[in-house]
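In: for reference, the sequence and a predicted model appear below.
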Amino acid sequence: MKLNVGCGRHVLDGWTNIDIQPSRHSKVPPNILCDLRSIPLADSCAREVMAIHVFEHFYLWEIPAVITEWKRLLRPRGILILEMPNLVKCCHNIIHGIGLEGGGKNPHAMGLWGLYGDPRDEDPYMHHKWGWSPSTLTTLLTSYGFGKIRETVTQWHRGGRDNRDMRIEAVKL
């Protein structure tokens, strides 16, 4: 089983798609509606848990419950995939005005949106509550028993792929 937690509008074939509410931008609802800190599935049921632009939507004090739950769902040597804005890249973009030149359609997408979320959704679930960098995320995951942690090429959000986001893959030890 592969779990797509916090799937939003990206309900994917071949995955068990999970979210707290259906997305108004998706024609297909998630397979499971629940709080991502308490997913009603058996221990070690998944070979992959993927959270694309989800982790930053939790407050720091919620993170222990989130990581513990997602780790519970992974089988030994299962892979956790996290993709989200990279705090360091967002700050760099803000400091250097990247994305602001020329006015652009969404001039804050490369900086402030990475920190706070896209305000166009007008949805409290879409608000970003904490920022992560590769080093802070690696430290966190290591402390929860993950290893073989590596940063890989991001797969989502074309605009932010190289300039704003990061993808971290970690193995449950």
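Out: That came through fine. Owing to the predicted nature of the structure, the values given are computational and were not obtained by experimental measurement.

In: so which elements touch the one helix or strand in the chain whose mean pLDDT sits lowest?
Out: Every helix and strand in the chain was compared by mean pLDDT, DSSP states H and E; the lowest is helix 112-116, with a mean of 93. Applying 3 or more Cβ pairs under 8 Å, 6 or more residues apart in numbering; DSSP states H and E, we find helix 112-116 packed against strand 74-85, helix 87-95. The C-beta positions use only the backbone N, C-alpha and C, and glycine is treated the same way.

In: so which of these is the most packed in?
Out: When these are scored by mean count of other Cβ atoms under 10 Å, the highest mean neighbour count falls to strand 74-85 (a mean of 20).

In: one step back: which one of the helices and strands packed on helix 112-116 lies nearest to residue 142?
Out: Between residue 142 and the helices and strands packed on helix 112-116, the tightest spacing by Cβ to Cβ is seen for strand 74-85, at 12.1 Å.

In: neighbouring strands for that closest one, and are they parallel or not?
Out: Strand pairing for strand 74-85, using DSSP bridges, gives strand 46-52 (parallel), strand 165-172 (antiparallel).

In: which residues are in contact with the shortest one?
Out: The reference is to strand 46-52. Here strand 46-52 makes contact (Cβ atoms under 8 Å, 6 or more residues apart in numbering) with 1-6, 10, 15-16, 36, 70, 73-75, 78-84, 155-156.

In: three-state assignment of residue 69?
Out: Recorded secondary structure, residue 69: helix (DSSP: H, G, I helix; E, B strand; the rest coil).

In: correct me, but it touches residue 40?
Out: No: using Cβ atoms under 8 Å, residue 69 makes no contact with residue 40, being 10.8 Å away.

In: in this structure, where is pLDDT below threshold?
Out: 101-104 (pLDDT under 70).

In: how does it look with 50?
Out: Within the chain, the set of residues satisfying pLDDT under 50 is empty.

In: could you pull out the helices for it?
Out: Using DSSP state H, the helices of the chain run over 63-73, 87-95, 112-116, 134-143.

In: any chance of the ones you listed in JSON lines with distance to residue 56 as columns?
Out: Below are the helices of the chain laid out as JSON lines (distance: least, Cβ to Cβ, whole Å):
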{"stretch": "helix 63-73", "distance to residue 56": "10"}
{"stretch": "helix 87-95", "distance to residue 56": "9"}
{"stretch": "helix 112-116", "distance to residue 56": "8"}
{"stretch": "helix 134-143", "distance to residue 56": "10"}
